[in-house]
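Visitor: Everything below, folded, please.
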Amino acid sequence: MDKLVEKAWHVALKARENAHAPYSHFKVGAALKLKGMDEIIPGCNVENASFGATVCAERTAIQCSVANHGKTDFEFIVVVTDTDPATQPCALCLQVMSEFAHPDMPVYLANLKGVQSSITFKELLPNPFNHFEPNE
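Guide: Numbering: from 1, shown residues only. A predicted model of the protein is given here:
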């Protein structure tokens with residue numbers, strides 16, 4: 001495994017430990033690598049009694065990325081769960097990623113044992129809803 005992906009897996013694994021999942025008990029960690037930067041941005045899921053207010057680990061990492069660096073391109077993301085096979089991002093997370101991810105961006109699916117597989121963003125979300133301005 002690529003050393004940078006392995007480092008990101010460790011970041012996501014640690015972030016997963018901080019997940020607030022008292023309702024589902026399904027802890028998720030994510031680690032986002034931005035193009036041209038050394039920093040790996042962690043995220044974890046944060047549930048809420050009002051389930052609609054729950055935020056997934058992937059979106060937490062994306063929101064932290066934007067808050068700290070503005071809009072920037074993603075190099076890859078690692079998502080860690082305790083499932084076998086590893087769980088892929090939900091549709092809402094994929095849609096949010098579509099604002100930043102290029103179609104060939106790797107999404108690494110991992111569990112507590114390590115990275116289990118890699119899939120491109122476009123394989124997970126081949127037809128994202130994209131914003132467009134009328135009369136363009």
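Visitor: any idea which element the closest residue to Gly29 other than its chain neighbours lies in?
Guide: Closest residue to Gly29 apart from its sequence neighbours, by CB to CB, 6 or more residues apart in numbering: Arg16 at 2.8 Å. Any C-beta I mention is one placed from the backbone N, CA and C, and that applies to glycine too. If you go by DSSP states H and E, Arg16 is part of helix 3-17.
Visitor: Just the angle for the next helix or strand along the chain from that helix relative to helix 3-17, thanks.
Guide: Counting by DSSP H and E, the next helix or strand C-terminal to helix 3-17 is strand 29-34. Counting by axes from the mean of the first three to the mean of the last three CA atoms, to 10 degrees, strand 29-34 points 140 degrees away from the direction of helix 3-17.
Visitor: which is the next helix or strand following strand 29-34?
Guide: Taking DSSP H and E as the definition, the helix or strand right after strand 29-34 is strand 40-44.
Visitor: Describe which strands that next one pairs with in its sheet and in which direction.
Guide: strand 29-34 (antiparallel) (DSSP bridges).
Visitor: Just give me the neighbour total for Asn130.
Guide: The number of residues packed near Asn130 is 8, by other CB atoms under 10 Å.
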